[in-house]
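Undergrad: with the sequence up front, the predicted model follows.
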Amino acid sequence: MTTTVAPNRIHIKVGDKCEVLDLYPGCTHEDVRAILCSAADMVDADKDSLIKLTKPDGTIVPVSPFLPGNTDKDPYTLQVHYRSRGSPNGAGGGGGTASPTKIGYLEAKLNDISKALEPLRELQSFREQIVSFQKRLESAEKQISMANLPETKVIPKAIKRISKIDPIFAHQPKYVFTDETVAYLKQPSFNNWQWEENEMTALMEHMFTELGLVDKFKMELPTLKRFLCVVKDNYNHNPFHNFRHCFCVTQMFYGMLHEADLVSKLEPIDLLVGLISCIIHDIDHPGFNNAYQVNAKTELAVIYNDQSPLENHHCAVGFTILRNNDCNIFKNLSDKEYEHVRKGIIRCVLSTDLTKHGEIMTKFKAVSENFNFADVEHKAQLLGMMVKCADISNEARPADVAEPWLDCLLEEYFAQSDREKAEGLPVAPFMDRDKVTKPGAQVGFIQFVMIPLFENLARVLPQLEGNVLPQIRKSLAYYQDLQQKMAGK
Ligand SMILES: Nc1nc2c(ncn2[C@@H]2O[C@@H]3COP(=O)(O)O[C@H]3[C@H]2O)c(=O)[nH]1
Ligand SMILES: [Mg+2]
Ligand SMILES: [Zn+2]
């Protein structure tokens, strides 16, 4: 007997027209995006374009293969905005012919641009400092090349990229979040997909204020905003290792702090270490992992002698941004506090290299036997474990939030393995599009990496057994079941 699986039927409104779309089981996040773009006659929209679906009551619906079905009485409204790499903030009219609204839009834009030019003056001296810094670096480089060495840039990209400061940030809209949103932000089930980049930076800014870090460390709000904005601009537009991943990791860390009532058990300085570690932990990720860096003998592998080149780079880029006075949220810390914060952040970010996983797990198991919140070393280990958990926490979220992340991860993995094949480099089986299936990628990862890691952390934070571990076990059961079905059992 054959059974046909019914598609999920959704009704959407694009401008004046109504469309009926069928989403078949097994379709991916990318498939859904492609179907929606074609319904909006914008087949050339790329993965950076913004797709927004709203219910008739204005609620935003996350674009995912799990879109709830609806009827022609309550169609979703679909908007697609082109977003090119050149305009990462995504402003755009979405093409179309010039109309009075379009002219109004252009006029408003013109106003925005002229306003945006004001802070340029403010930034002028900052730029001059960067230029003089760059000159000094260039002369240092020249001295190296005087010895007729090949032209190797010994300076991490970070230092050049910091010039990517966008003067427009100062005129970004002010966001006011509802009580419901700020309470939801503390939940591990928070849905990241409905927020745009500027909204995510504003949510992160809220975390600093809510945790009392702005007051405690006398942070100036414009400096904090600038720091977050520069961090955002220094994340690359990779399928997975992008600013949205940074936001998710930070939000899960923040969620765990609240879930386990750590705000009262840790010192503000510990919260600061954890939060900044999450924020910078994958900054300027090139989309190719450490194995690729080492095998391809890239600049990063050479600079860092094959020792966690990416994690070292993320740290270096983060601290290069912080060194800049206009972004330095640590400027009012005492020397002792700064030293502690820097050491803690370096340790947390380096702990996200999964090749260090076994060692970190064993050490934490030992301290968890008699964990002491007054012990500095114990707390440093706890923070490292929390950042690691947050980093791999996608499957601790509801399925409709987690699954698109798996598509993103596999897209990045496949791009790497394709390149490795083309360059004749070793290919890891878990990245090979000819060998990987979605359940195959998740079952082992959840069973042998995620669950033992979260269970280890739950020895000290038992509250994770309540809201976080059950969802991870549910994801494991889902993928185990899918794996069996695919094997025809
Ligand atoms: N298979 C699998 N790997 C993951 C998942 N989440 C994170 N990872 C991997 O774990 C790594 C942790 O550090 P990174 O974020 O740099 O890169 C991450 C991915 O390579 C997941 O859900 N499934
Ligand atoms: Mg990483
Ligand atoms: Zn990460």
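TA: It's in. Ligands and ions are numbered 1, 2, ... in the order given.
Undergrad: Met385: which element?
TA: For Met385, the element it lies in under DSSP states H and E is helix 376-391.
Undergrad: for the helix or strand following that helix, what does the pLDDT average out to?
TA: Next in sequence after helix 376-391, counting helices and strands by DSSP H and E, comes helix 399-423. Average pLDDT, helix 399-423: 98.
Undergrad: same check, this time on stretch 279-294
TA: Rounded mean pLDDT across stretch 279-294 is 98.
Undergrad: what's the end-to-end length of it?
TA: Counting by CA to CA, to the nearest Å, you get 25 Å between the two ends of stretch 279-294.
Undergrad: can it be found next to ligand 1?
TA: Yes - on the criterion CB under 6 Å from any ligand atom, stretch 279-294 is in touch with ligand 1 at Asp282. The way it works is simple: take the backbone N, C-alpha and C, and place the C-beta from them, glycine included.
Undergrad: return the residues of the protein in contact with ligand 2.
TA: The interface of the chain toward ligand 2, taken as CB under 5 Å from the ion, is made up of 282, 352.
Undergrad: gap between the closest residue to Asn242 other than its chain neighbours and ligand 2?
TA: With sequence-adjacent residues excluded and distances taken as CB to CB, 6 or more residues apart in numbering, Asn242 is closest to Tyr235, at 5.5 Å. Distance, Tyr235 to ligand 2, using CB to the ion, to the nearest Å: 12 Å.
Undergrad: let's have the chain start at 663 instead
TA: New numbering, starting at 663: the last item is Tyr897.
Undergrad: so who does Tyr897 touch?
TA: By CB atoms under 8 Å, 6 or more residues apart in numbering, Tyr897 lies in contact with 903-905, 908, 944-947.
Undergrad: now with 7 Å, please.
TA: Counting by CB atoms under 7 Å, 6 or more residues apart in numbering, Tyr897 touches 904-905, 908, 945.
Undergrad: now do Pro1091
TA: If you count contacts by CB under 7 Å, 6+ apart, Pro1091 has them with Lys1097.
Undergrad: tell me how far it lies from ligand 2.
TA: Taken as CB to the ion, the span from Pro1091 to ligand 2 is 20 Å.
Undergrad: separation between that residue and Phe852?
TA: Distance, Pro1091 to Phe852, by CB to CB, to the nearest Å: 33 Å.
Undergrad: same question for Gly1128.
TA: 16 Å.
Undergrad: ok, now Thr840?
TA: With CB to CB as the criterion, Thr840 and Phe852 are 14 Å apart.
Undergrad: compare Gly1128 and Phe852 (neighbour count), which wins?
TA: Phe852 (21 against 11; other CB atoms under 10 Å).
Undergrad: next one: phi and psi at the more buried one?
TA: phi -50, psi 130 (degrees, to the nearest 10).
Undergrad: what residues does the protein put near ligand 3?
TA: Neighbours of ligand 3 within the chain, by CB under 5 Å from the ion: 944, 1053.
Undergrad: element containing the residue nearest the centre of the chain, please.
TA: Taking CA atoms, centre = their mean, the centroid of the chain lies closest to His907, which sits 1.8 Å from it. For His907, the enclosing helix or strand under DSSP H and E is helix 905-921.
Undergrad: now Ile1007: closest residue in space, sequence neighbours ignored.
TA: Leaving out its chain neighbours, the residue that sits closest to Ile1007 by CB to CB, 6+ apart is Ser939, at 5.0 Å.
Undergrad: can you report how many residues lie near the residue of the stretch 963-1112 of the chain found nearest ligand 3?
TA: As assessed by CB to the ion, ligand 3 sits closest to Asp1053 within the stretch 963-1112 of the chain, at 4.4 Å. Burial of Asp1053 is recorded as 23 neighbouring residues (other CB under 10 Å).
Undergrad: equivalent analysis for Met918, please.
TA: The tally of other residues near Met918 (other CB under 10 Å) stands at 25.
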